[in-house]
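Visitor: have a look at this prediction, sequence included:
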Amino acid sequence: MIEVISTPKEESFKNAERKALRVFLKALDILGGPRKLFEYRNLTWLPSLMEAAYVIVWQRDLQKSTSEIAQDLGLSTNTVRAILSAKEEEIQKMIDRFLKGEEPEEGEEVRSHRAGGLAKLAYQAIEEGKENIDFLADVFSNYSHLLCHTWPVEVLEKIKGVDFPVDREYLTEKLKEIDFQGKQIKDFKTKLSAEIKSPSQLLKEIAESLQLKI
């Protein structure tokens, strides 16, 4: 069997794609989940949200320019500019009305600039460790093939209902049955912080222990 070795550039793009998926899912979570979009017949928002998630990650994690992002993602430079110039505070009022079930105001559809604001809110929430674990576990179980590794899904399922911060020994016991790419958590638990403050910190530290990025 021939082993295919990815180059650092290929790995960085894979990591960015995974991050973009997380941003997209967090954006859906902020909006109340996919069911909320279906309930109010707003599924047409999804393409704009996915585009915005990629654009924000391409800029912030890959440090790509506007023209490079447009070329990589097949978007117009005007669309990329609109997403990047979006204001987070402008989207919040729209989200509040949407979650109350109110009809959007005229011209308030989620287009490029508003999708960009939502993607920025989602990106910041992820950076702050504010991912909804139950929501992610349910959705990741349907999209785990996109993540290349199954252990993040298993970890999220195992820690449902856990109140953070949590000490390392508790998590070691909780996650002892998971196969971390041929390893068990006891094999690298000393690389984890004594106290884990959030699920995102846990995933990050496990990935770093496995010399991966998520």
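Guide: Structure received. Since we're looking at a predicted model, the values are computed, not measured. Numbers count the residues shown, from 1 in each chain.
Visitor: counting contacts, what elements does the longest helix anywhere in the chain pack onto?
Guide: Using DSSP state H, we find that the single longest helix of the chain is helix 8-30. Judged by 3 or more C-beta pairs under 8 Å, 6 or more residues apart in numbering; DSSP states H and E, helix 8-30 is in contact with helix 45-60, helix 112-127, helix 133-143. The way it works is simple: take the backbone N, C-alpha and C, and place the C-beta from them, glycine included.
Visitor: helices or strands up against the first one?
Guide: Spelled out, that is helix 45-60. If contacts are counted by 3+ C-beta pairs under 8 Å, 6+ apart, helix 45-60 sits against helix 8-30, helix 66-73, helix 77-84, helix 112-127.
Visitor: so of the ones you listed, which one's packed in deepest?
Guide: Highest mean neighbour count of the helices and strands packed on helix 45-60: helix 112-127, a mean of 23 (counted as mean count of other C-beta atoms under 10 Å).
Visitor: and the helices and strands packed on helix 45-60, which one's lowest on average pLDDT?
Guide: Within the helices and strands packed on helix 45-60, the stretch with the lowest mean pLDDT is helix 8-30, showing a mean of 82.
Visitor: quick one: that one to chain centroid distance?
Guide: In terms of C-alpha atoms, centre = their mean, to the nearest Å, the centre of helix 8-30 is set 6 Å apart from its chain centre.
Visitor: would JSON lines of the helices and strands packed on helix 45-60 with distance to Lys183 be doable?
Guide: Formatted as JSON lines, those follow (distance: least, C-beta to C-beta, whole Å):
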{"stretch": "helix 8-30", "distance to Lys183": "20"}
{"stretch": "helix 66-73", "distance to Lys183": "34"}
{"stretch": "helix 77-84", "distance to Lys183": "39"}
{"stretch": "helix 112-127", "distance to Lys183": "26"}
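Visitor: of all the ones you listed, which one comes closest to Met94?
Guide: Met94 lies closest to helix 112-127 among the helices and strands packed on helix 45-60, at 6.6 Å (C-beta to C-beta).
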